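no sequence for this one, just the structure:
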């Protein structure tokens, strides 16, 4: 350890890397990587911030050749320093690489992909007792020797035109072997660890990008991090779930497919109860809000009255999917909605796995289910039907009425009773009967609104809806107060409809 080494880093940074002359800057990047390699992994860890910081700052240089040199320099530094040069500044490196994934220069994007593979290799190995050169890392080093070379000709020329220069070859070959000594392993283990709590807010922000290359970059990182047992990514899912759902409808089939696979892996983790600290309420809130937004959009776009051909038995609203399309027209006239389908399927699976954790948000889930019972997309209708049936069974047989949101169920049922299609109206009437039998006290605050909706439903073109409305009214009439309210409302309706 020599304190006199530190002025060298300062000189390379201020005198060369921060220079406005492109060739001077590139020379500083080459020198910084060479000096870092000469230090070796143990000593490099002491100076990592001073070495890595200036190099990473050049990732956004306006000159594409400088960006390329910066990527090459950092790649060779990271191969030696490993965790000490990657994890301590991971957010900065990740943010820059995400931006470079959409770089207009092809050689920069290629170099960025190689660096990305190395960083992933380092992150996924962080929990292992030793940092050896695994086969994946070895093949990466070999390919980097050919792809990440230092051009010695015209600074504006392409990277491929000078990849065979002797200076490039000697530099690349000197950096290909990864450190394998015992001191290297000790230094690596003493380095930083991946801070997922600090990383997730940056991830949530970056997920808003639209560039397909950047989106592919982000999805690949989510897959990698989810595969590492020591990284608790699923616990932080509520922070980026809403943004990630948008990827399901990405114009690129590959991105949409990769996202669907990722959601499947996340759901496996939830079903396996891998994350007991997972905030189910926040996840359901995001999913339910997505469903309700989609349902509101469909209702405003195509509100129409149901026809007799669209009517089905009220019992089928809980036991089987309506085979007709209701107010929305045929399923073939609509495109699929993978966001809503995924959200409904997730809520259903969460109900199966953790029924006691869905008590609080169950009213929001019920709203989402009822509003999609007749949306015109068979797969979504089936998922909504299953979710509605599951929630009904839980509320009727398992939830404690004193601690369950029966007032929320009542509001959801009243709102669904005014939807234009038959299946949600029938299902809402079934819910009203169950609410009356299970927890009739919650009816009192909303009895006027309920009676108004029920009286309007008496003119419903569906005979089954009218029959169920009369059934609900008969149940309510058993209560003298409700009976008098019903008579008063009925008299007002007759007087206003002459």
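Perfect, I can see it now. No experiment lies behind these values; they were computed from the predicted model shown.

Helices of the stretch 151-300 of the chain, start to end?
If DSSP state H, counting those that start in this stretch is used as the criterion, the helices of the stretch 151-300 of the chain fall at 166-175, 182-189, 196-206, 212-226, 237-245, 253-271, 280-301.

do the stretch 1-150 of the chain as well
Ranges of helices in the stretch 1-150 of the chain, per DSSP H, counting those that start in this stretch, are 6-12, 22-57, 64-81, 83-86, 90-100, 106-124, 135-147.

looking at the ones you listed, which is closest to residue 457?
In this view, those are compared for proximity to residue 457 by CB to CB, and helix 90-100 is the closest at 53.3 Å. C-beta here means a position set from N, CA and C on the backbone, and glycine is covered the same way.

Give the residue spans of the stretch 351-498 of the chain that score low on pLDDT.
Across the stretch 351-498 of the chain, residues meeting the criterion (pLDDT under 70) sit at 497-498.

With the stretch 201-350 of the chain instead?
Scanning the stretch 201-350 of the chain with the threshold set as pLDDT under 70 gives 273-276, 299-335.

now the end-to-end length of stretch 10-18.
According to CA to CA, to the nearest Å, stretch 10-18 extends 10 Å from its N-terminal end residue to its C-terminal end residue.

Residue 74 and residue 54 touch, don't they?
No - counting by CB atoms under 8 Å, residue 74 does not reach residue 54; the two are 10.2 Å apart.

between the two, which one's more packed in?
Comparing residue 74 with residue 54 by other CB atoms under 10 Å, the one with more neighbours is residue 74, at 32 against 23.

and the residue nearest to the more buried one when sequence neighbours are not counted, how many neighbours does it have?
What sits nearest to residue 74 in space, not counting adjacent residues and going by CB to CB, 6 or more residues apart in numbering, is residue 55, at 4.9 Å. Using other CB under 10 Å, residue 55 has 29 neighbouring residues.

Over to residue 295?
23.

Can you tell me the closest non-neighbouring residue to it?
Using CB to CB, 6+ apart, the closest residue to residue 295 is residue 371 (3.6 Å).

How about residues contacting stretch 239-246?
By CB atoms under 8 Å, 6 or more residues apart in numbering, the residues outside stretch 239-246 that reach it are 200-201, 203-204, 207-208, 222, 259, 262-263, 283, 286-287, 290, 339, 342-343.

Now find how far off-centre that stretch is within its chain.
In this view, stretch 239-246 has its centroid 4 Å away from the chain centroid, taken as CA atoms, centre = their mean, to the nearest Å.

buried residues in it?
Within stretch 239-246, the residues that qualify as buried are 239, 240, 241, 243, 244, 245, counting by 16 or more other CB atoms under 10 Å.

Can you name the residues that contact residue 443?
For residue 443, the residues meeting the contact criterion (CB under 8 Å, 6+ apart) are 410, 435, 436, 450, 476, 482.

buried set for the helix or strand hosting the last one?
Put plainly, it is residue 482. Here residue 482 is covered by helix 480-496, with elements defined by DSSP states H and E. Judged by neighbour count using 16+ other CB under 10 Å, the buried positions of helix 480-496 are 482, 485, 486, 489.

Could you export those to a markdown table, including columns for distance to residue 87?
Compiled in a markdown table, the buried residues of helix 480-496 are given as follows (distance: CB to CB, whole Å):
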| residue | distance to residue 87 |
| --- | --- |
| 482 | 65 |
| 485 | 67 |
| 486 | 68 |
| 489 | 68 |
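
which of those lies closest to residue 420?
For the buried residues of helix 480-496, the nearest to residue 420 is residue 489 (22.8 Å; CB to CB).

so who does the residue nearest to that closest one when sequence neighbours are not counted touch?
The shortest distance from residue 489 to any residue other than its chain neighbours is 4.7 Å, reached at residue 451 (CB to CB, 6+ apart). When contacts are counted by CB under 8 Å, 6+ apart, residue 451 touches 476, 482, 485, 486, 489.

repeat that for 6 Å
Counting by CB atoms under 6 Å, 6 or more residues apart in numbering, residue 451 makes contact with 485, 486, 489.

swap in residue 399?
With CB under 6 Å, 6+ apart as the criterion, the residues that contact residue 399 are residue 359.

what do you get for residue 85?
Going by CB under 6 Å, 6+ apart, residue 85 touches 48, 52, 77, 78.

Could you report the pLDDT at it?
Per-residue pLDDT puts residue 85 at 86.

the helices in the stretch 351-498 of the chain, which residues?
With DSSP H, counting those that start in this stretch, the ranges of helices along the stretch 351-498 of the chain come out as 362-370, 378-397, 406-416, 422-439, 447-457, 463-477, 480-496.

Pick the most buried one from the ones you listed.
Per residue and on average, the most neighbours among the helices of the stretch 351-498 of the chain fall to helix 362-370, with a mean of 25 (mean count of other CB atoms under 10 Å).

Quick one: residues in contact with that helix.
Among residues not part of helix 362-370, those counted as contacts by CB under 6 Å, 6+ apart are 288, 291-292, 347, 384, 387-388, 391, 405, 408-409, 412, 416, 424, 427.

could you give the angle of it to helix 280-301?
Taking axes from the mean of the first three to the mean of the last three CA atoms, to 10 degrees, one finds helix 362-370 and helix 280-301 inclined to each other by 40 degrees.

Check the offset of helix 362-370 from the chain's centre.
If you compare the mean C-alpha spot of helix 362-370 with that of the full chain, they lie 21 Å apart, counting by CA atoms, centre = their mean.

which helices and strands sit right next to the helix holding residue 482?
Based on contacts counted as 3 or more CB pairs under 6 Å, 6 or more residues apart in numbering; DSSP states H and E, the elements that helix 480-496 packs against are helix 447-457.
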